[in-house]
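Enquirer: Requesting a structural model of the entry that follows:
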Amino acid sequence: MPLNIRSEAGNRLAETLASRAGASKTEAVRIARTNELARQEPRVPLAERLKPLLDELAAIPRTGLDADKAFYDSLNDE
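Expert: Prediction:
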């Protein structure tokens with residue numbers, strides 16, 4: 001099935017993307033549609049993505065000790 005882009009602006013966008021991608025205009029339109037559909041897919045919320053990391057950090061036992069600034073400075077020859 002042939003591709004017919006009637007909008008001049010749409011045609012320029014397809015040509016620009018095709019040039020940058022080293023592809024035909026038809027392939028450029030396919031790439032753009034694929035990427036737009038992927039972008040619109042429901043995303044996992046940030047809090048849900050960070051939960052495993054936060055759980056791991058929460059599992060680290062706390063010593064109650066203050067950080068020793070002199071010790072850390074000595075590591076950097078300060």
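
Enquirer: which intervals of the protein have sub-threshold pLDDT?
Expert: Under the criterion of pLDDT under 70, the regions of the chain flagged as low confidence span 1, 78.

Enquirer: Please enumerate the strands of it.
Expert: With DSSP state E as the definition, the chain shows no strands.

Enquirer: what's the spacing between L3 and A70?
Expert: In this structure, L3 and A70 are separated by 69 Å, where distance is defined by Cβ to Cβ, to the nearest Å. Heads up, the C-betas are built off the backbone N, CA and C, glycines and all.

Enquirer: Those two: who's more crowded?
Expert: When L3 and A70 are compared for neighbours, L3 comes out ahead with 12 against 7, by other Cβ atoms under 10 Å.

Enquirer: need the contact list for the closest residue in space to T26 that isn't next to it in sequence.
Expert: If you skip the residues right next to it in sequence, T26 has L3 as its closest partner in space, 4.8 Å away by Cβ to Cβ, 6 or more residues apart in numbering. By Cβ atoms under 8 Å, 6 or more residues apart in numbering, L3 lies in contact with 25-26, 29.

Enquirer: Go again with 10 Å.
Expert: Counting by Cβ atoms under 10 Å, 6 or more residues apart in numbering, L3 makes contact with 14, 24-30.

Enquirer: of those, closest to V44?
Expert: For V44, the closest of these turns out to be R30, at 26.3 Å, with distances computed as Cβ to Cβ.

Enquirer: list the contacts for the closest one?
Expert: 3, 23-24.

Enquirer: And the residue nearest the centre of this structure?
Expert: Centroid-nearest residue in the chain: R39, 10.1 Å away (criterion: Cα atoms, centre = their mean).

Enquirer: what's the longest helix in this structure?
Expert: In the chain, ranked by residue count with DSSP state H as the criterion, the top helix is helix 25-40.
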